[in-house]
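Undergrad: Just a sequence and a predicted model for now, questions to come.
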Amino acid sequence: MRFFAILPALFAATTLAAPSPNPNADTLVVARKPAVSDVEAAAKSVMDAKVADGCDILGCLVALAPASVTCAAALAEGGANLVADAACFAAALNTAVNPPEACTSCVD
């Protein structure tokens with residue numbers, strides 16, 4: 001029963017103990033959050049590479065318009081129409097599985 005009397009003292013001693021120094025403190029890397037300009041620059045470089053590989057961005061956007069219209073109608077109803085939501089999901093899934101011909105050079 002004396003063990004339970006020592007338990008709070010042990011807990012206090014462990015919480016107040018000084019942490020041991022980290023031997024790898026010089027090699028720790030602090031992760032930097034990207035700024036908006038970094039993200040924009042990365043996106044522009046990816047899009048430039050896609051265009052250089054033959055991607056017709058405008059043609060791809062035009063080919064994706066029917067799926068966009070389906071999802072815009074579902075979004076306008078705010079989830080009240082389950083049939084429109086299902087049609088949007090089906091159109092998005094079909095576009096992901098079978099991309100339009102104009103988008104094939106844009107997909108990795």
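TA: Nice, thanks for sending it over.

Undergrad: Against Cys71, how distant is Asn94?
TA: 12 Å (CB to CB, to the nearest Å). No exception for glycine: its C-beta is placed from N, CA and C like everyone else's.

Undergrad: actually Val107, not the one I typed
TA: Distance from Val107 to Cys71, by CB to CB: 19 Å.

Undergrad: neighbour count winner among the two?
TA: Cys71 (18 against 11; other CB atoms under 10 Å).

Undergrad: buried sites along stretch 82-94?
TA: By 16 or more other CB atoms under 10 Å, the buried positions in stretch 82-94 come out as 84-85, 87-88, 91.

Undergrad: got it, and stretch 68-83?
TA: So for stretch 68-83, counting by 16+ other CB under 10 Å, buried means 70-71, 74.

Undergrad: Including secondary structure and distance to Met47, could these go into CSV?
TA: Listed next are the buried residues of stretch 68-83 as CSV, based on DSSP: H, G, I helix; E, B strand; the rest coil; distance: CB to CB, whole Å:
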residue, secondary structure, distance to Met47
Thr70, helix, 25
Cys71, helix, 22
Ala74, helix, 28
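
Undergrad: closest to Lys33 among these?
TA: Cys71 (30.9 Å; CB to CB).

Undergrad: In space, what's closest to that closest one - neighbours in sequence excluded?
TA: Of all residues beyond its chain neighbours, the one nearest Cys71 is Cys88 (4.1 Å), with distances taken as CB to CB, 6 or more residues apart in numbering.
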